[in-house]
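Colleague: task: produce atomic coordinates for the following.
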Amino acid sequence: MKRNTRTLATVLLAAFLLTSLPTRADEAESYGETFGRKLTTGLANITTSSLEIPKNIILTNNQSNVIYGFIGGTFKGLLNMGGRIGVGVLDLVSAPIPTQPVVYPLYVWDNFNAETTYGKAFRPSN
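Modeller: Residues are numbered from 1 along each chain as shown. Predicted structure coming up:
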């Protein structure tokens, strides 16, 4: 059992590292790259969605006061956490369909100072 967990963790870490490598901006993403991106972002958004709570507490606190930052940031973080889980499940289920990302920033940790926004679902990739 311990070996299976260690193997799974190694595979997930390798997938995250491979998808975080810089891509060539002048070339379109291939079908395999889109499929892999959707799988890894889906898993990452589901597993790290709880980071939305401290992220939103910090962002709201920086925009207002400590009390509103904690209370409002917690509620906003819970909403964005639910949104990230939903987008993650959507990415996992629809991985074979090449579409553009729905959530920005793509990962919670990509730009910790940016508000989480959601775009249109199922926009086809170019």
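Colleague: residue 41: neighbour count?
Modeller: Counted by other CB atoms under 10 Å, the residues lying close to residue 41 total 23. For glycine as for every other residue, the C-beta is placed from the backbone atoms N, C-alpha and C.
Colleague: tell me which helix or strand comes right after the longest helix seen in the chain.
Modeller: The longest helix of the chain (DSSP state H) is helix 66-93. Downstream of helix 66-93, the next assigned helix or strand under DSSP states H and E is strand 103-104.
Colleague: quick one: list the elements packing against that following strand.
Modeller: Here strand 103-104 touches helix 66-93, strand 117-118, going by 3 or more CB pairs under 8 Å, 6 or more residues apart in numbering; DSSP states H and E.
Colleague: show residues contacting that strand.
Modeller: For strand 103-104, contacts defined as CB atoms under 8 Å, 6 or more residues apart in numbering pick out 45, 83-84, 87, 114, 116-119.
Colleague: mind redoing it with 6 Å?
Modeller: Residues from elsewhere that reach strand 103-104 (CB atoms under 6 Å, 6 or more residues apart in numbering): 87, 117-118.
Colleague: turn those residues into CSV, including distance to residue 70, pLDDT and neighbour count.
Modeller: Shown next, in CSV, are the contacts of strand 103-104 (distance: CB to CB, whole Å; pLDDT from 0 to 100; neighbours: other CB atoms under 10 Å):
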residue, distance to residue 70, pLDDT, neighbour count
87, 25, 93, 23
117, 22, 90, 11
118, 24, 89, 14
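Colleague: among the residues you listed, find me the one that's closest to residue 36.
Modeller: residue 87 (16.7 Å; CB to CB).
Colleague: ok, the closest one - contacts?
Modeller: Under the criterion of CB under 6 Å, 6+ apart, the contact list for residue 87 reads 45, 102-103.
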